[in-house]
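1. sequence first, then the predicted structure:
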Amino acid sequence: MAIAHTPDGVRICYDTFGDPKAPPLLLIQGLGGHMLGWHPELCAALADAGFYVVRFDNRDVGLSQKFPDGGYRLADMATDTAGLLRTLGIDSAHIVAQSMGGMIAQELAVDHPDFVRSLTLIYTAPNHRSTFSGQDLVEERMALPRAENRADAVELYVRNEAACSSPGYPTDVDWLRTLGGLMYDRDYDPDGAARQLAAVFASPDRSGALPKIAVSTTILHGDGDRLIDPAAAKALHELIPGSTLTIFRGMGHELPRPLWSDIVALISGNAACISTTPSHSNGARP
């Protein structure tokens, strides 16, 4: 892992997979998630598909810079993202983003379009008001007491992630325990996630700006998502010209391992500007 300093002076922690000469693909994580949440085997699969994969900690989480006073919006996090690419000497990248990260990616595509080659939006929404159906679940998680030690943090993380589980696929509890421990070891700071959530709520509705997105865009969601309703994906699809939509049966607010090959294929096809699914494929996969 390495540290980059953006042109605006924000410290961002990142790491990479694959051949630096391959087309760059940037992964943007969701609320409170360390970059480790992008499973290394999934990152390796994307690298094997021909990409130079970059993942990073958003501001206020992991080993990236903390903003204890808060007061920022998703647009600021998009500027961080563009700044990271610029600092790494990457003029543009394929963007793959989940949940809050997908909201950041929308801001990036609207405000910094030159940095975006293609866009994959995974279980995300154009705003937090009408489609962020799991707001109560998120707020319940934020209200839980802080862990007192590593073991508590691991159990708390597994408990929190239950809201993201997929009704059609088994939960990988071993991975969740491993990830929870790794995140605790790197930096345990629930307050940072709360500030990120405040940024989500403070950011304006993007619906009016999304029709400006001109790059190849694919939208992925699960019909079992309890945090962000699949209606959000359908709204994005209607707003972003030429986008494709895939609703996976049985998938929640996570990326189940059995779907990785399908997901990598959709990302790769989108990056090549090839539609791998019909424009309206609601409930059709797998």
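-> Looks like it arrived, so ask away.

2. which ones are touching Arg195?
-> With contact set as C-beta atoms under 8 Å, 6 or more residues apart in numbering, Arg195 has these partners: 60, 67-68, 70, 72. From N, CA and C alone the C-beta is placed, and that goes for glycine too.

3. please redo it, this time with the cut-off set to 6 Å
-> Counting by C-beta atoms under 6 Å, 6 or more residues apart in numbering, Arg195 touches 60, 70.

4. just the pLDDT for it.
-> pLDDT, Arg195: 96.

5. now the residue sitting furthest away from the middle of the chain: which helix or strand?
-> Here the centre of the chain is the reference, and by C-alpha atoms, centre = their mean the most remote residue is Glu148, at 27.8 Å. Using DSSP states H and E, Glu148 falls within no helix or strand.

6. ok, residues contacting the host helix or strand of Trp260?
-> Following DSSP H and E, one finds Trp260 within helix 260-271. For helix 260-271, the surrounding residues in contact (C-beta under 6 Å, 6+ apart) are 42, 45-46, 49, 94, 96, 118, 120, 216, 218, 276, 286.

7. of those residues, buried ones?
-> The neighbour count (16 or more other C-beta atoms under 10 Å) marks 42, 45-46, 49, 94, 96, 118, 120, 216, 218, 276 as buried among these.

8. which ones among the residues you listed map onto strands?
-> Among those, the ones falling in strands (DSSP state E) are 94, 96, 118, 120, 216, 218.

9. how about the residues you listed, which pair is most distant?
-> Greatest spatial distance in these: Val96 and Ser216, 12.4 Å, computed using C-beta to C-beta.

10. show me where the stretch 151-286 of the chain has strands.
-> For the stretch 151-286 of the chain, applying DSSP state E, counting those that start in this stretch gives strands covering 216-222, 244-248, 280-285.

11. Leu74 is in contact with Asp205, isn't it?
-> No: contact criterion C-beta atoms under 6 Å: Leu74 and Asp205 do not qualify, at 11.5 Å.

12. between the two, which one's more packed in?
-> Taking neighbours as other C-beta atoms under 10 Å, Leu74 and Asp205 compare with Leu74 leading, 24 against 13.

13. now do the same for the more buried one: its pLDDT.
-> You'll see Leu74 listed with a pLDDT of 98.

14. count the residues that sit near Pro145.
-> Neighbourhood size, Pro145 [other C-beta under 10 Å]: 8.

15. for it, give its distance to Ala194.
-> Using C-beta to C-beta, to the nearest Å, we find Pro145 at a distance of 13 Å from Ala194.

16. next: Met183.
-> 16 Å.

17. these two: which is more packed in?
-> Neighbour count, other C-beta under 10 Å: between Met183 and Ala194, Met183 has more, with 21 against 17.

18. not counting sequence-adjacent ones, nearest residue to the more buried one?
-> Spatial nearest neighbour of Met183, chain neighbours left out: His34 (4.9 Å); criterion: C-beta to C-beta, 6 or more residues apart in numbering.

19. wait, that neighbour touches Leu182, no?
-> No: His34 lies out of contact with Leu182 (C-beta under 6 Å); the separation is 7.5 Å.

20. who has more neighbours, those two?
-> For His34 and Leu182, the more surrounded residue by other C-beta under 10 Å is His34, and the numbers stand at 22 against 13.

21. list the contacts for that one?
-> Taking C-beta under 6 Å, 6+ apart, one finds 57, 62, 183 in contact with His34.
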